[in-house]
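Engineer: Kindly return the folded structure for what I paste below:
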Amino acid sequence: FQVECIRKPVFVLACDQGYFDGLQGAIHTLDTYWSDHRIIFYDLGISSEQETLLRKKCARCTIIKFPFSSIEKYASHIGTLLFFAFKPFVIQ
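Structural biologist: Below is the predicted model:
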């Protein structure tokens with residue numbers, strides 16, 4: 001058995017403005033233990049100030065605004081974050 005290419009995992013995080021403090025803690029942990037891995041962040045509704053802070057503090061983060069409006073026509077419950085219906089779309 002021979003492996004030609006082993007890829008580093010990419011960490012995927014998502015939150016709205018209510019969980020932004022927890023996001024900062026998660027990024028701090030990733031900086032401590034996995035500083036050479038990419039981070040993809042799905043913006044589920046953070047404020048513009050929070051986005052500015054995230055861009056400043058996490059240069060390796062790729063920020064993607066979650067496309068609620070594109071998905072709501074197929075899954076009207078997607079905007080209710082407590083249902084966590086966004087997760088399959090993020091994993092995809």
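
Engineer: and the nearest residue to Asp16 once chain neighbours are set aside, how many residues sit next to it?
Structural biologist: Residue nearest to Asp16 in three dimensions, not counting chain neighbours: Gly45, with 3.9 Å by CB to CB, 6 or more residues apart in numbering. In short, each C-beta sits where N, CA and C put it, glycine included. When neighbours are defined as other CB atoms under 10 Å, Gly45 has 16 of them.

Engineer: ok, now Ser48?
Structural biologist: Ser48 has 7 neighbours, counted by other CB under 10 Å.

Engineer: so what's it scoring on pLDDT?
Structural biologist: Ser48 carries a pLDDT score of 98 in this model.

Engineer: distance of it from Val12?
Structural biologist: Per CB to CB, to the nearest Å, Ser48 is found 22 Å from Val12.

Engineer: next helix or strand past the host helix or strand of Thr32?
Structural biologist: According to DSSP states H and E, Thr32 maps onto helix 20-33. The helix or strand immediately downstream of helix 20-33 is strand 39-43, counting by DSSP H and E.

Engineer: Could you check the angle that next one makes with helix 20-33?
Structural biologist: Interaxial angle of strand 39-43 relative to helix 20-33 (axes from the mean of the first three to the mean of the last three CA atoms, to 10 degrees): 170 degrees.

Engineer: what is the mean pLDDT for strand 39-43?
Structural biologist: Mean per-residue pLDDT for strand 39-43: 98.
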